[in-house]
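Chemist: missing the sequence, but the structure's below:
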């Protein structure tokens, strides 16, 4: 099992974010929520089973906060977290344990902050788009002013 996937990067201001994620982020800002916004770009295979099958999940202290596989709903998931420090484990599980990837990241949230985690795991190739060669995670902490509006850029 790899301890670090090949690509873990900060989500830049100019990078495109799926519309559903932007909508969920606006909703969280309007309601003043603090927490984790998770989205995984999952595709289903035309075959019934493939070794590229994956479950993408985020854990805190060994407990699943959110998970996504080929059978779950496609939209983003928001998980409320209390303000303060959190150590999160980002994992992609597969049928072959040797192909699993994981890494940990410590984050600090203030009231109203949202930590956004977007994942595109290795998946079956489909006719309209090639799968990445390694699991890709894009992370960003978004700080909101109490009255609305973003306060800052990506967490580095």
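Modeler: Looks like it came in fine. Because the structure is a prediction, the values reported are computed rather than measured. Numbering: from 1, shown residues only.

Chemist: Please look at residue 83 and residue 113 and confirm they touch.
Modeler: Yes - look at residue 83 against residue 113 with C-beta atoms under 8 Å: they come within range, at 7.5 Å. Where you see a C-beta, it was placed from the backbone N, CA and C, and this is true even at glycine.

Chemist: quick one: average confidence on the lengthiest strand in the chain?
Modeler: Counting residues, the longest strand found in the chain (DSSP state E) is strand 84-94. For strand 84-94, mean pLDDT rounds to 90.

Chemist: From the chain's centroid, how far away is it?
Modeler: 10 Å (C-alpha atoms, centre = their mean, to the nearest Å).

Chemist: quick one, the next helix or strand after that strand and strand 84-94 angle?
Modeler: Going down the chain from strand 84-94, the next helix or strand is strand 101-109, by DSSP states H and E. Between strand 101-109 and strand 84-94, the angle comes out at 160 degrees (axes from the mean of the first three to the mean of the last three C-alpha atoms, to 10 degrees).

Chemist: number of nearby residues for the nearest residue to residue 133 once chain neighbours are set aside?
Modeler: Distances taken as C-beta to C-beta, 6 or more residues apart in numbering put residue 122 closest to residue 133, at 7.0 Å, once the chain neighbours are dropped. Residue 122 has 20 neighbouring residues, counting by other C-beta atoms under 10 Å.

Chemist: three-state assignment of residue 122?
Modeler: Classification of residue 122 using DSSP: H, G, I helix; E, B strand; the rest coil returns coil.
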